[in-house]
Every structure is written in structure tokens, then in C-alpha cells.
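Asker: predicted model, plus sequence, below.
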Amino acid sequence: GESTVTVLLGAALGILVGIIIALALPRVGSGVPLPGEILGRTEPNLVDLAIALAAGAAGAYVMIRSEAGSALPGVGIAVALVPPLATVGITFGIGETDLAAGALLLFATNWLAIVFAAGIVFALAGFGAHRDAWGRFQGSLAGLGLVAMLVILAIPLGINAVQRWGDSNANRIAAEIVSE
């Protein structure tokens, strides 16, 4: 609905700002390495999914507890969503489409995990408990859709985790050989 359109427009704006930054900054030449802050957002793995689930649950809990700061959930969501979008724009703007795709995967992971975890927290807190049968069915269907999307996202995240583990293991072995 309307909130999905708002999220998509905000995402497009975040990507556009990243592209503008990439085009405006003189750094963007071939052979110049990207900073670790950008590269770190281009190969998400299952750890990123777990962090996003925890962030979504924490943000929802804070929203339910009125004595907690009302700005905290927004800050947490911004920290989880804006940097991957800026990374998509920057990497796309310099022609690194593979890196842009990885950052877009991180954004999608964070967004879906936050929505899923927050939905569970809200359901456990009793929100939506007084819906009619059709409302409960719609809620269940939405929950199943989110689970399916998270499972689909977990596949490339798992592949990235295995590759990262293999790379670190290979580096450890190489370091042992060199030190001998």
C-alpha cells in the first residue's frame, strides 16, 4: 500500500544520492580501492540477517514501551537501511554493478528482517489480536510471505558466508605456510 510506495521512493532517493556523490567526487577512478565502509556492505551474509532480525525486534519493543525514546527506532532503522542504499548508488555510479547488487541484497535483507521481527514482536504484544477471521487470514498470509522471502534471501547470504569462511581459512593457511 501507501507505506510500501513511501519505502520504495525513499530507497530510490537514497540510491540517487549515492549516484550523485559517486559522479561528483574525484576519487572515482579505476584502480583506486573503495573504502572498507563501502566494501563491507557489498557481501552480506547470515550474520547480517541475524543482526537485522535483532534490530527489528528491538526497534518494535522500544515502540511498544512508551517510556523508551520515540526516536530510537527511527535511528536504528536509518542505520540499517540508509548506508546500504548509499552504497548501491555509489557502486552503481562508478560502474561496479556486482558490488551494487550485493549492497541491494543487504538493503533487502535488512528491510525484510526488520519488518518480520517487528511483526512478531507486535503480534506477541497483542496487536491485531481482535481481528476477524479474514484479518487473521491476511496476517497469516503476510507472515508466510515474509518467511518465504527471508528463506529466499538466506540462500545468497549463506553462500556469501561459506565463501567468506573459505577465504579466511585459505588466508590462515597461507599465513601459516609463509611463517614457516
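Answerer: Looks like it came in fine. Values in this document were obtained by computation on a predicted structure and should not be read as measured data.
Asker: any weak-confidence spans in the chain?
Answerer: For the chain, applying pLDDT under 70 flags the ranges 27-31, 66-73, 129.
Asker: most distant residue from the middle of it?
Answerer: Among the C-alpha atoms of the chain, the one farthest from their average position, using C-alpha atoms, centre = their mean, is that of E180, at 41.2 Å.
Asker: G126 in helix, strand or coil?
Answerer: At G126, secondary structure determined by DSSP: H, G, I helix; E, B strand; the rest coil is coil.
Asker: give me the number of residues near it?
Answerer: Per other C-beta atoms under 10 Å, the neighbour tally for G126 reads 9. Where C-beta positions appear, they are placed from N, C-alpha and C, glycine not excepted.
Asker: now do R41
Answerer: 24.
Asker: helix/strand/coil for it?
Answerer: Put simply, R41 is coil when judged by three-state DSSP.
Asker: distance check, it against A100.
Answerer: Shown here: R41 relative to A100, a distance of 10 Å by C-beta to C-beta, to the nearest Å.
Asker: joint contacts of those two?
Answerer: Any residue near both R41 and A100 by C-beta atoms under 8 Å, 6 or more residues apart in numbering counts here, and that gives T87.
Asker: okay, and the residue nearest to the spatial centre of the chain sits in which element?
Answerer: The central residue of the chain, meaning the one whose C-alpha is nearest the mean C-alpha position (C-alpha atoms, centre = their mean), is N110 at 2.6 Å. For N110, the enclosing helix or strand under DSSP states H and E is helix 97-124.
Asker: give the buried residues for that helix.
Answerer: Of the residues in helix 97-124, 99-100, 102-121 count as buried by neighbour count, 16 or more other C-beta atoms under 10 Å.
Asker: so what does the helix or strand where L23 lies touch, helix or strand wise?
Answerer: Counting by DSSP H and E, the secondary-structure element that holds L23 is helix 2-24. Identification of packing neighbours for helix 2-24 by 3 or more C-beta pairs under 8 Å, 6 or more residues apart in numbering; DSSP states H and E yields helix 72-93.
Asker: alright, I will stop here.
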